Every structure is written in structure tokens, then in C-alpha cells.
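**Q** How does the following fold in three dimensions:
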Amino acid sequence: MSTFNVQKLRHEFPNLNITVHGKPLVYLDNAATTLKPRCVVDAINAYYVTGVSNVHRGVHYLSEQATAAFEYSRQVVRQFLHARRVEEIIFTKGATESLNLIANSYGRHFLKKGDEIIISHMEHHSNIVPWQMLCEQTGAVLKVIPINERGEIIFEEYTKLLSEKTKLVSLVWVSNSLGTVNPVKAVIEAAHKQGAVVVIDAAQAVTHTAINVQELDCDFLVFSGHKVFGPTGVGVLYGKEKWLEAMPPYQGGGDMIKSVTFAKTTYNVLPYKFEAGTPPIAEVIGLRSALEFFQNIGWDAMKQYKQELLDYGTKMLLSINGVRVIGTAREKTSIISFVVDGVHPHDLGTLVDQEGVAIRTGHHCTQPVMEFFKIPATARASLAFYNTKEELDILASSIKRAKDIFNA
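**A** This next block holds a predicted model:
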């Protein structure tokens, strides 16, 4: 049994004190976005109230202070990912923009007609559509790793897809709709044997496992700040320096240049070459605060506690007649997608909301997954370290109430 002090941590999250329809909030939508601790809100507020200024451009005190805070945040991200150098950390507005940056900058520069890109059947739309667009632009071919009924990639089929034509593999580490944890280390090793570059979508993994990009040996890795208790509007792209140096800029504008004339523009050094315009300064500072808060919790105790929640929640849901869990991978994290016989997920989401319970319903931006399981949508309870077994009991009661209303 975990000795994790969840009640102490819950006090750090103001949102957990609100009521919804007169009931205490039960927030089980963490895969969509996480709640924010006070320290993150305070860090953003402090920037706007006492230190607002643009970065990199000014010599006055406020600009120098903002620049120092911004660049220190980059160092914190580097340490969080165990990247080799801060130049390998690019700030974007989210994982989606990071993936689009790779597709447009790396993909359009290095891929050509007949080259092959491999993704999996469980990808989020943001890790499908940019590669489809790239294939339309370059003539490259998109290949898809199949999944099984448990919601796992079929690794043997992946290795069959690999060939000398494979130039890029892009894979989600943790599925946002199934909770599946993919064997990314093995995926990377197999791809590299064919000379392919590997992109890892860590948007969900970032709160579920410690990340060491050097041990993984991935070429690129992306995540969003709001998935890891930070603000919206900020994300991270990690890229190996050799690739970032070779890639052309994704956008043009201020700060990504060394000099501009009407005859020629020369580009700035890394990481600024990929950060055109005023960056999300307050959001980057908030992200730093979130990562520092998160790392101070302790990985081992947190993972054990979340596993207990996952086991308890899964058992509890399966004890309800007519509930079926979608995604039963042998290696899985704290995301439980399910369907209830006789109750559409959207109706279920509306009814449990009346009890103060926030879950996500729909296709979760993974329509191919829904098609594979032959369902229109699922209800999804995604758990964070501030959730409790008592909250899962409330979810169960609200599901039973919904079943009663529909005579299901």
C-alpha cells in the first residue's frame, strides 16, 4: 500500500475546492489538461505584475530579468529531459506545433518521393495529419503499425514495415485514448538499424514516467506544458543538435535572425532559429514552476499511487454490469476508457457532470482507434496524483445513476 500523501498535495490545487452543480468537483479529465498548482499561477502572476517585459531584445533591467527567467526555464526543461545541451530545447505553443515544426522543417527538407513514414494506428490526430500533409507535399508514403484487441502495437508487424525506404518513425509513447504504454526504446532501436529518424510524442508520457532522451536515443521528442500541470500555450520540442542545425527555420520573423537586408537574411543560432517572434514568456516561466513542483513529488511514490488508482478504478468499473473497458494493454498507465451498454458516452458525460464529475467523452482525437474497436466514442477517466479512490467511488455511483435513468 502506498504511503503517498495525496491530501497534502491536493491543497496545492485551488480548482479542487470548487463545486459543480452544487457538488464538490471530481476532476478526472487529466489526459485533456491537468489542473495547475498555486506555484504555477503565482509564477505567471509575478511576471505580469512585477516583471513584464520582452526577452532577448532589451538592455533595461526588466528585459534582462525576464530574459534570465526565460532562459533559466530552458535549463530546467533540459534537466527534466536529460538533454545534452540547452540548444536542443525549442519552445513552441504545444506538442501539436512541435510535431508540425518537425514535419515542415525536417520532413520537407530531408524527405522525397517514395520515402516512407511509419506511425501507429493509435496516434492522436496531431501525429497523423502533419505526416499526411507532408506525404501530399513530397510524395512520401505513410505506413501504419497495426494494433491488437488489447490496444497494443503489434511489434512484429512494425519490424516488417521497416526497410531501407523508411526515413522517419513517429510514435506516441502513451496513448491518450487507451492508456497503452508503447515500447519506445525497442521501436527506436529497430528504426535506427534502418537509418530512420524517430519522433516520440510524449504528451501523455511526460507525467507518467521519467524521461531521459539520451538513454532513449530518440531524434525528436515533444510534449505540451498543460499536460504536466503547467499553463496552456507552451510546448517543448527536443531535437538532437545535429538535426536542428541541419533543418531550415519553420517560421520567419524577429529573434530568429542574425541580420536582415532586402538582398539576404542570415539566421540565428540554436535554439532561437526556431523561435520566431515574441515567445510565450509567462507560459515558459509557468512551465518551469510546474516542472520543479512535479519533480519534487518523487517519481517512485507517485507511480505506485497512480497504479493503485488505476487498478482500483478498473476493478470498480468492471464490477458495474454493462461496462466494458476499451484498452487492456499489459503495460498501461492511469487512463481508463470505457463504454456503458445502453448509454451513449456523450449522454453519460452529461449525466455524471450533474454529480460534479468531469470525464471526457468522444473520440479523443483518435478516430482510427474508435473505428478499430467499432465504437463511435468512449467515456474516459484519466487520473492524476491528486485523485483519490473516494472520487472513483463517486464516478461509479454517477454511472449507476445514469444507467438507471436509461434503464440500461
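**Q** Which residues does stretch 53-72 contact?
**A** With C-beta atoms under 8 Å, 6 or more residues apart in numbering as the test, stretch 53-72 has contacts from 47, 51-52, 86, 254-255, 272, 278-279, 281, 284-285, 288. Yep, even glycine has a C-beta here, placed from its N, CA and C like the rest.
**Q** and which of those residues is nearest K112?
**A** Y272 (28.6 Å; C-beta to C-beta).
**Q** From what I see, the closest one and D255 are in contact.
**A** Yes. Using C-beta atoms under 8 Å, Y272 makes contact with D255 at a distance of 5.6 Å.
**Q** buried set for the helix or strand of the chain with the lowest mean pLDDT?
**A** Here the helix or strand of the chain ranked lowest by mean pLDDT, DSSP states H and E is strand 257-260, holding a mean of 84. Residues of strand 257-260 classed as buried by neighbour count (16 or more other C-beta atoms under 10 Å): I257.
**Q** tell me the SS of the most centrally placed residue in the chain?
**A** Centroid-nearest residue in the chain, with C-alpha atoms, centre = their mean: A203, separated by 1.2 Å. Under DSSP: H, G, I helix; E, B strand; the rest coil, the three-state class of A203 is coil.
**Q** In contact with it, which residues?
**A** By C-beta under 8 Å, 6+ apart, the contact list for A203 reads 95, 124, 172, 176, 222-224, 227.
**Q** what's the neighbour count on the residue nearest to it when sequence neighbours are not counted?
**A** Counting by C-beta to C-beta, 6 or more residues apart in numbering, A203 lies nearest to A95, which is 4.4 Å off, once chain neighbours are set aside. Counted with other C-beta atoms under 10 Å, the neighbours of A95 add up to 26.
**Q** if I look at the residue nearest to the centre of the chain, how far off is D341?
**A** Distance of A203 to D341, given as C-beta to C-beta, to the nearest Å: 31 Å.
**Q** remind me which residues of the stretch 1-150 of the chain are low pLDDT?
**A** 1-3 (pLDDT under 70).
**Q** Tell me which stretches of it form helices.
**A** For the stretch 1-150 of the chain, the helices defined by DSSP state H, counting those that start in this stretch occupy 6-10, 38-50, 61-81, 95-101, 108-110, 129-138.
**Q** ok, back up a step: counting neighbours, which of the contacts of stretch 53-72 comes out on top?
**A** The most crowded member of those, judged by other C-beta under 10 Å, is V284 (27 neighbours).
**Q** give me the element it is part of.
**A** Using DSSP states H and E, V284 sits within helix 281-295.
**Q** What about T261, how many residues nearby?
**A** T261 has 7 neighbouring residues, counting by other C-beta under 10 Å.
**Q** re the thing from before, so which of the contacts of A203 are in strands?
**A** 172, 222-224 (DSSP state E).
**Q** ok, of the residues you listed, which one's closest to W243?
**A** Set against W243, the nearest of the ones in strands among the contacts of A203 by C-beta to C-beta is V222 (13.4 Å).
**Q** Make sure that closest one is actually in contact with V199.
**A** Yes. Counting by C-beta under 8 Å, V222 touches V199, with 7.3 Å between them.
**Q** Give the residues shared as contacts by the two.
**A** By C-beta under 8 Å, 6+ apart, V222 and V199 have these common neighbours: 99, 102.
**Q** Please identify the most buried of the helices of the stretch 1-150 of the chain.
**A** Mean neighbour count (mean count of other C-beta atoms under 10 Å) peaks for helix 95-101 among the helices of the stretch 1-150 of the chain, with a mean of 24.
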